[in-house]
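J.: Predicted model and sequence follow; I will ask about them next.
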Amino acid sequence: QVQLVESGGGWVQTGGSLRLSCAASGRSFSRNTMAWFRQTPGNQRELVATISSSGDTNYFIDSVKGRFGISRDNAKNTLYLQMNGLKPEDTAVYFCVAETAAARYWGQGTQVTVSS
């Protein structure tokens, strides 16, 4: 069982920055691929970025490349999403996800709102 708690969301103007954090419980954090998804009302959840268990491999969707960074601190069981150059279209609820061999675990989400 993995529990995930996101924080760091909020309101920011276009061009601003936010850093999301995801605190994970359990001893398996360092073995799991982690990811950030986002969702806007009426739409499916969209993968934003992933990071390998060691942190040396990551993936970003095209719309956030060059603006977002993903990192993890396995000693602190924490995942991060650094978001720079935010745009109104980045407005969404952002979810932290843990990919384990048995299941995919989701956090409760944190709202990010970017005003124009």
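T.: Perfect, I can see it now.
J.: ok, the most centrally placed residue in the chain to Ser116 distance?
T.: The structure's the chain has its C-alpha centroid closest to Trp36; by Cα atoms, centre = their mean the separation is 3.0 Å. Trp36 sits 23 Å away from Ser116, going by Cβ to Cβ, to the nearest Å. Placement of C-beta: from N, CA and C, glycine included.
J.: same check, this time on Val97
T.: Applying Cβ to Cβ, the value for Val97 to Ser116 is 28 Å.
J.: the more surrounded of these two?
T.: Val97 (22 against 8; other Cβ atoms under 10 Å).
J.: So what's the residue count around the closest residue to Ser30 other than its chain neighbours?
T.: Excluding the flanking residues, the one nearest Ser30 by Cβ to Cβ, 6 or more residues apart in numbering is Asn74, at 4.0 Å. Neighbourhood size, Asn74 [other Cβ under 10 Å]: 15.
J.: now the one 3 residues further on
T.: Neighbours of Asn77 under the rule other Cβ under 10 Å: 18.
J.: what sits against it?
T.: Asn77 is in contact with Ala23, Ala24, Ser25, Gly26, Phe29, Ser30, counting by Cβ atoms under 8 Å, 6 or more residues apart in numbering.
J.: what's near enough to touch the fourth one?
T.: Taking Cβ under 8 Å, 6+ apart as the criterion, Gly26 is in contact with Gln1, Val2, Gln3, Asn77.
J.: follow-up on the earlier one: pull out the buried residues from the contacts of Asn77.
T.: Among the contacts of Asn77, those classed as buried by 16 or more other Cβ atoms under 10 Å are Ala23, Ala24, Phe29.
J.: Pick out the lowest-pLDDT one from the residues you listed.
T.: Minimum pLDDT for the buried ones among the contacts of Asn77 is recorded at Phe29 (92).
J.: That one contacts Asp73, doesn't it?
T.: No: with contact defined as Cβ atoms under 8 Å, Phe29 does not reach Asp73; the gap is 9.5 Å.
J.: Would you quantify the distance from Pro8 to Arg27?
T.: Careful, residue 8 is Gly and not Pro. Applying Cβ to Cβ to Gly8 and Arg27 gives a distance of 24 Å.
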